[in-house]
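*Asks:* give me a model of this one.
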Amino acid sequence: MIRNLTFVVLLLILLCGCNSNETLPEDSVFSVDFEIPAQAAAGQAFDAKAFITNGSRKEWSISHGVDVFTFEIRNREGQLVEQKGTVVVISLGISSKLVPKKPYSYTDDHSEQFRRLSISKPGHYFITAKANFRIEEKDTQRDISLTSKPKEIIIE
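*Replies:* As a prediction, the model looks like this:
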């Protein structure tokens with residue numbers, strides 16, 4: 001009887017240990033934010049710099065494409081403002097680490113087209129940043145999509 005009980009306890013310990021909660025974090029652990037100028041001239045390009053912050057205590061491995069950050073511009077009425085030269089990229093392949101509490105941003109020669117924004121008509125606009133990346137832990141991975149709070153820019 002004691003032998004059977006010992007076997008059951010050891011089996012439970014092994015099963016619990018093998019199924020330790022090495023789960024990927026919830027999206028809410030991460031945030032995306034960005035910087036833009038308060039105002040810009042109509043038709044003139046300006047830079048938007050976005051970054052992801054890891055709010056957990058753990059470093060996470062991620063992968064993404066050059067388009068990890070994209071931006072959405074809306075007018076005062078909430079209508080989407082079309083960006084000229086929009087490029088669609090479906091790729092992963094850039095690997096990095098999200099260190100706790102340290103903002104992560106990605107820039108290279110090819111990512112500039114995703115950071116340079118231009119609005120042709122004067123007015124008040126609202127911009128949001130989006131971050132799309134894949135988080136990886138051992139053999140588990142999951143795609144994460146984040147959206148920032150909107151920021152206002154005045155185009156003169």
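
*Asks:* what's near enough to touch the spatially most central residue of the chain?
*Replies:* The C-alpha lying nearest the average C-alpha coordinate of the chain belongs to A131 (Cα atoms, centre = their mean; 3.0 Å). Neighbour list for A131: 30, 32, 50, 52, 68-69, 144-146 [criterion: Cβ atoms under 8 Å, 6 or more residues apart in numbering]. Backbone N, C-alpha and C define where each C-beta goes, glycine included.

*Asks:* before we move on, what about Y125?
*Replies:* 73-76, 81, 119, 152-155.

*Asks:* make it 7 Å
*Replies:* Residues in contact with Y125 (Cβ atoms under 7 Å, 6 or more residues apart in numbering) are 73-75, 81, 119, 153, 155.

*Asks:* how about S148?
*Replies:* Going by Cβ under 7 Å, 6+ apart, S148 touches 32-34, 128-129.

*Asks:* widest-spaced pair of the residues you listed?
*Replies:* D33 and T128 (10.4 Å; Cβ to Cβ).

*Asks:* before we move on, back to that, lowest-confidence one in the contacts of Y125?
*Replies:* pLDDT across these is lowest for V81, at 91.
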